[in-house]
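Asker: here is a sequence with its predicted model. Questions after.
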Amino acid sequence: MLEDIFQSPTSVSLFGVFVALLLLHLLHSTFSSQKRPEPPGPRPLPVFGNLFQVDLKRLDQSLFNLSKTYGPVFQVYFGPKKVVVLAGYRTVKEALLNQADEFGNREITPIFYDFSEGHGIVFSNGDSWKEMRRFALSTLKDFGMGRKMSEEIIIEECGYLIKEMEQYGGESFNNTQAISYTASNVISALMFAKRFEYKDPVFQSMVEKDKQNIHLAGSASIMIYNFIPWLGPLLKNRRTMLKNFIDGRADIWRKIEELKETLDPEVCRCLVDAFLIRKKQLEDSKIKNSHYHDNNLLYSIQGLFVAGTDTTATTLKWGLLYLTKFPHIQDRIQEKLSRVVGSCQVRIEDRKNLPYTDAVIHETQRFANIGPLALPHTTTKDVTLQGYFIKKGTTVLTVLTSVLYDENEWESPHSFNPSHFLDDEGKFIRRDAFMPFSAGTLLDLGISL
């Protein structure tokens, strides 16, 4: 066949042009790479990359330590996959805030694609993500997220939590389940307009499986699966996560079906209702190919339910631990509450008069560092950051540990110190380096909650 091609003068000429273009491309690539240096990093091994140079059980700390050698922008290889790592407040701000569009895509890792198939809010991109996020933000705002309506839901649920705690008569007990159920019920009220009894076996199973999945998502085997997907069928943790997810999806769908059966377009009870009403309006208007379909509803609700429960409950548990560990801080909070609120129910409007309590809450979120690595991003286009060239589609990890513990931003980063959020007069102050929820276009939807 090659002999036939080379017998034609035209083919020979075309082949010559092709070779010339290829050489020019190679020369251009070489020249460009010399002018546009990539981030530094440890030398990778064939096949394994830098896997032997990091501790997958404490990946955030390993990457933080590497940043001290290679700088705030560096690259590592997890197996064959190249990842650019950003460390320190200044660098994370420059990328996620100053160049938000360039770093604004979510990396849909294999394990999370298994869950969402690109639908929903948490693990999606493009127009569908934009519309679902816009819908969720506006609807949650309508339902008073962080304001009066959600406040009543929270106060009611706190009553159930107090009763649960009082039954132990002051003796020690494991508060993990009760706090998780409380946080989950607040989310459930916003999603489904109902709460569950703490002893409801279906509810208990949902919360436990979601908690297990979040724990397994950070395991070494799942991280390796995300870097080397063909290993998936061999991994027990992946099989467990998929089963938990399928079971949880079925539970969520049953709740959605119940709401569908009792839907009144004139009365919006919850986020599911808002979605169904919007879907019907579009269908009545003969608008086709909208993003308001069952998959987006199901995966949006499941993502919000899982993420909202775990982050809120985990933060509350750390807060209780710190108050136990530092009784002088607990005493000072109690004194302020007694003086400002007295025997009344604490409400959101009291926050402005409780700067020390507000500072303790923020310091809990900083010091607990419950999301030490933000969910990975990808670059939407070729971009230069601090002089380093990062190609379009590159996976980017932001080490939030390095932001919340940045020695250039915090007076005593490795100590629990509410004064980080107080000025000399004891008034609450906001800190730019306070990023427990990451930053930029992919900011957590539930910050106000």
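Answerer: Thanks, I have it.
Asker: what about residue 87, distance to residue 69?
Answerer: 11 Å (CB to CB, to the nearest Å). Placement of C-beta: from N, CA and C, glycine included.
Asker: okay, those two: which has more neighbours?
Answerer: With other CB atoms under 10 Å as the criterion, residue 87 and residue 69 differ in neighbour count, and residue 87 comes out ahead with 27 against 10.
Asker: give me phi/psi at the more buried one?
Answerer: phi -130, psi 150 (degrees, to the nearest 10).
Asker: nearest residue to it other than its sequence neighbours?
Answerer: Distance criterion CB to CB, 6 or more residues apart in numbering; nearest residue to residue 87, sequence neighbours excluded, is residue 67 at 3.6 Å.
Asker: can you list contacts of the helix or strand containing that neighbour?
Answerer: Using DSSP states H and E, the element containing residue 67 is helix 59-70. If you take CB atoms under 8 Å, 6 or more residues apart in numbering as the criterion, helix 59-70 is touched by 39-42, 53-55, 74, 76, 85, 87-88, 223, 372-373, 397, 399-402, 405.
Asker: just the buried members of these?
Answerer: Burial by neighbour count, 16 or more other CB atoms under 10 Å: within those this picks out 39, 41-42, 53-54, 74, 76, 85, 87-88, 223, 372-373, 397, 399-402, 405.
Asker: in helices, which of those appear?
Answerer: Among the buried ones among the contacts of helix 59-70, the ones falling in helices (DSSP state H) are 223, 400, 401, 402.
Asker: among those residues, which one has the lowest pLDDT?
Answerer: Taken together, these show their lowest pLDDT at residue 223, with 88.
Asker: might you report the residue contacts of the closest residue to it other than its chain neighbours?
Answerer: Closest residue in space to residue 223, ignoring its immediate chain neighbours: residue 56 at 5.2 Å, by CB to CB, 6+ apart. Going by CB under 8 Å, 6+ apart, residue 56 touches 220, 223, 224.
Asker: repeat that for 10 Å
Answerer: 62, 78, 218, 219, 220, 221, 222, 223, 224, 227 (CB atoms under 10 Å, 6 or more residues apart in numbering).
Asker: mind checking pLDDT for the nearest residue to residue 57 once chain neighbours are set aside?
Answerer: Distances taken as CB to CB, 6+ apart place residue 220 nearest to residue 57, at 6.2 Å, with adjacent residues excluded. If you check residue 220, the pLDDT there is 88.
Asker: pretty sure residue 220 contacts residue 231?
Answerer: No. Between residue 220 and residue 231 no contact is recorded; they are 11.9 Å apart, counting by CB atoms under 10 Å.
Asker: reformat the ones in helices among the buried ones among the contacts of helix 59-70 as JSON lines; add distance to residue 124.
Answerer: Formatted as JSON lines, those follow (distance: CB to CB, whole Å):
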{"residue": "223", "distance to residue 124": "21"}
{"residue": "400", "distance to residue 124": "22"}
{"residue": "401", "distance to residue 124": "26"}
{"residue": "402", "distance to residue 124": "27"}
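Asker: these two touch, right, residue 398 and residue 385?
Answerer: No. Using CB under 10 Å as the test, residue 398 is too far from residue 385 to be in contact (11.8 Å).
Asker: what's the overlap in contacts for these two?
Answerer: Common neighbours of residue 398 and residue 385 (CB under 10 Å, 6+ apart) are 84, 86, 91, 95, 103.
Asker: which one (most neighbours) among the residues you listed?
Answerer: Ranked by neighbours (other CB under 10 Å), those are led by residue 86, which has 30 neighbours.
Asker: what separates that one from residue 129, distance-wise?
Answerer: Taking CB to CB, one finds residue 86 at 22 Å from residue 129.
Asker: do the same with residue 302
Answerer: 15 Å.
Asker: can you list the weak-confidence ranges in the stretch 51-200 of the chain?
Answerer: 144-149 (pLDDT under 70).
Asker: helices along that one, start to end?
Answerer: 59-70, 89-93, 110-116, 126-142, 148-166, 176-192 (DSSP state H, counting those that start in this stretch).
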